[in-house]
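Asker: return a 3D structure for these sequence lines:
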Amino acid sequence: MSFDGFPPFISAQLHYLLNHFPDKIKVEQVLSGSKSYNGGLDRFTLLIPYCLDHIKWDVIYNAEFPLAPPDIIFGPEDEDFHPLYMTGAEGERDLKSQTRNILSDWNNKDPTRLQALIQELRDQYMSYQRKRVGEVDDDRLKFEISTICSREGIEMLISSGVEKPEEVKFAVPLMDMNINKMVHGCPWRHPQKIYLQVIYPVGRKYASTPSAPRLKLMSTSELRALFSIDDVKLPSWLDGMCMAEYLPHLEESLRKQVLEAVSLIDIRRCFIEALAPLFGRPLEADPVFCRKATFLASSGSFVFLVHFLISTQFPKQQPALMLQSSQHILPQGVPKKSPLLTEYPWSPRWEISRMAERIFDFLADESLNFKRFCNESQPQH
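Answerer: Numbers count the residues shown, from 1 in each chain. Sure thing, here's the model as predicted:
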């Protein structure tokens, strides 16, 4: 994001927050509280990841009093969240004491201050929600919490609405694996993680057999370049099952699939290399995940590009091809392109060299169709 318009001390603190917070924070509704026309920007809304969703907190500095720490306004649904009110268990009081220390020792020249404040407040919010969930009068939930309380990183949230029944959401991080380190040349700034979202309805005591919770597998967005959780089939939740029984089977299955996904990077790299003797060296290629490559090709005097879009399911799923003319331009000023081509001879059991050869043979014919398409749709003068 652009930091233009912020006073230097706010810009430095916000920049540090966005680049050093463990999860990806977004900034919205940047405003100025000054009545002056030239007043600097000094307030904004943070979208902070929590429990596989976001909580919105307004951060309000006063650019005219730069020595003062910012005010933080929490969402209307969290009116009982009082991070400075010294009550609760000893560990909770320690967290609140740390927050007080950050505010009392505020140094506007220290770019780390805002990040430290938001992290402490988020830790307190996590304790606040865990306490609320623990107070829910639901035996099943109490049992579930008792079986998974030793797992690190679990987040909980009570959710309710005017026309929505009360329910408890769990965000359970899966697998103790550093996926970032498994990918050579990894470009990810934040750790890539996979979570199981588990949602329980609250207080249905009339049900003789508790229904299965709603389950959904979720991941950090950048992980899709390597592994798509949409391709994962969740194990069945059996009657009488609890999370402590369900999670080990799911984690073992996921671990194998992630390891396979990492191994497939080299298979895709070998495929791109097998195209080079036929098409020449690629003009562009994805060097990390090997999901894309572009080659220059020709049919007589007709010169065009061939874009290869390679799925994480390769070689089970064949690459999608797109042809792009280097000689025909649309009125909008962009090159003419073919639709995605996925209907051509393919077998995942072929040797990689044969896959490349069959695509080359297919394109020898398809290039004639593409040339005809480009010439026929060319505007007449």
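Asker: rest of the way, CA atoms for contacts and neighbours
Answerer: Fine.
Asker: part of a helix, is A116?
Answerer: Yes: assessed with DSSP: H, G, I helix; E, B strand; the rest coil, A116 lies in a helix.
Asker: in what helix or strand does E252 lie?
Answerer: helix 243-279 (DSSP states H and E).
Asker: so how far is the very next helix or strand once past that helix off the chain centroid?
Answerer: On the C-terminal side of helix 243-279, the closest following helix or strand by DSSP H and E is strand 284-285. In this view, strand 284-285 has its centroid 24 Å away from the chain centroid, taken as C-alpha atoms, centre = their mean, to the nearest Å.
Asker: go on, stretch 21-35?
Answerer: 20 Å.
Asker: tell me what the helix holding E252 is packed against?
Answerer: helix 139-148, strand 292-299, helix 352-376 (3 or more C-alpha pairs under 8 Å, 6 or more residues apart in numbering; DSSP states H and E).
Asker: C374 and L323: what is the separation?
Answerer: 11 Å (C-alpha to C-alpha, to the nearest Å).
Asker: who has more neighbours, those two?
Answerer: The residue with more neighbours, out of C374 and L323, is L323; 25 against 20, by other C-alpha atoms under 10 Å.
Asker: tell me the contacts of that one?
Answerer: 304-307, 337-339, 370 (C-alpha atoms under 8 Å, 6 or more residues apart in numbering).
Asker: among the residues you listed, which ones are buried?
Answerer: Buried members of those, scored by 16 or more other C-alpha atoms under 10 Å, are 304-307, 337, 370.
Asker: neighbours of S301, how many?
Answerer: Other residues close to S301 by other C-alpha under 10 Å number 6.
Asker: for this protein, what spans make up the strands?
Answerer: 26-31, 43-50, 53-60, 71-73, 155-161, 164-174, 194-201, 214-219, 284-285, 292-299, 302-309, 320-329, 335-337 (DSSP state E).
Asker: turn the buried ones among the contacts of L323 into a markdown table, columns for pLDDT and distance to N178.
Answerer: Output for the buried ones among the contacts of L323, formatted as a markdown table (pLDDT from 0 to 100; distance: C-alpha to C-alpha, whole Å):
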| residue | pLDDT | distance to N178 |
| --- | --- | --- |
| F304 | 94 | 41 |
| L305 | 96 | 37 |
| V306 | 97 | 35 |
| H307 | 97 | 32 |
| K337 | 93 | 40 |
| F370 | 93 | 45 |
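Asker: now render those residues as TSV, adding distance to D139.
Answerer: Formatted as TSV, the buried ones among the contacts of L323 follow (distance: C-alpha to C-alpha, whole Å):
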residue	distance to D139
F304	66
L305	63
V306	60
H307	57
K337	60
F370	66
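Asker: ok, those vs I48, which is closest?
Answerer: H307 (37.5 Å; C-alpha to C-alpha).
Asker: would you confirm that that closest one contacts T294?
Answerer: Yes: taking C-alpha atoms under 8 Å as the definition, H307 is a contact partner of T294 at 4.5 Å.
Asker: coming back round to it: distance to P8 added to the helices and strands packed on helix 243-279, as a markdown table?
Answerer: Formatted as a markdown table, the helices and strands packed on helix 243-279 follow (distance: least, C-alpha to C-alpha, whole Å):
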| stretch | distance to P8 |
| --- | --- |
| helix 139-148 | 45 |
| strand 292-299 | 41 |
| helix 352-376 | 54 |
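Asker: quick check: which of the ones you listed is buried the most?
Answerer: Among the helices and strands packed on helix 243-279, ranked by average contacts under mean count of other C-alpha atoms under 10 Å, first place goes to strand 292-299 (a mean of 19).
Asker: return that one as CSV; C-alpha atoms alone will do.
Answerer: Extracted C-alpha coordinates of strand 292-299, given in CSV (Å, rounded to 0.1, in the frame of the first residue of the first chain):
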residue,chain,number,x,y,z
LYS,A,292,3.7,-21.6,-16.3
ALA,A,293,6.0,-21.4,-19.3
THR,A,294,5.9,-19.5,-22.6
PHE,A,295,7.6,-20.5,-25.9
LEU,A,296,8.0,-18.8,-29.2
ALA,A,297,6.7,-20.9,-32.2
SER,A,298,6.1,-20.4,-35.9
SER,A,299,4.1,-21.9,-38.7
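Asker: of all the residues in the helix holding E252, which ones are buried?
Answerer: 243, 247, 250-251, 254, 257-258, 261-262, 264-265, 268-269, 271-275, 279.
Asker: hmm, back to that, ok, so of the contacts of L323, who is nearest N62?
Answerer: Distances from N62 to the contacts of L323, taken by C-alpha to C-alpha, are shortest for H307, at 51.7 Å.
Asker: quickly list what the closest one is bridged to.
Answerer: Beta-bridge pairing for H307 (DSSP bridges): T294, M322.
Asker: what sits against it?
Answerer: H307 neighbours (C-alpha under 8 Å, 6+ apart): 292-295, 321-324.
Asker: quick check, pLDDT for the closest residue to K109 other than its chain neighbours.
Answerer: With C-alpha to C-alpha, 6 or more residues apart in numbering as the criterion, K109 has its nearest non-adjacent residue at 6.1 Å, and that residue is F9. What the model reports as pLDDT for F9 is 91.
Asker: same deal with W57?
Answerer: Value listed for W57 in the pLDDT field: 96.
Asker: look up phi and psi at the closest residue to it other than its chain neighbours.
Answerer: Excluding the flanking residues, the one nearest W57 by C-alpha to C-alpha, 6+ apart is F74, at 4.9 Å. Main-chain torsions, F74, degrees, to the nearest 10: phi -90, psi 170.
Asker: quick one: pLDDT of S219?
Answerer: Listed pLDDT for S219 reads 93.
Asker: likewise for N38?
Answerer: Value for N38, per-residue pLDDT: 63.
Asker: before we move on, what about E273?
Answerer: 97.
Asker: how close does it sit to S353?
Answerer: Using C-alpha to C-alpha, we find E273 at a distance of 9 Å from S353.
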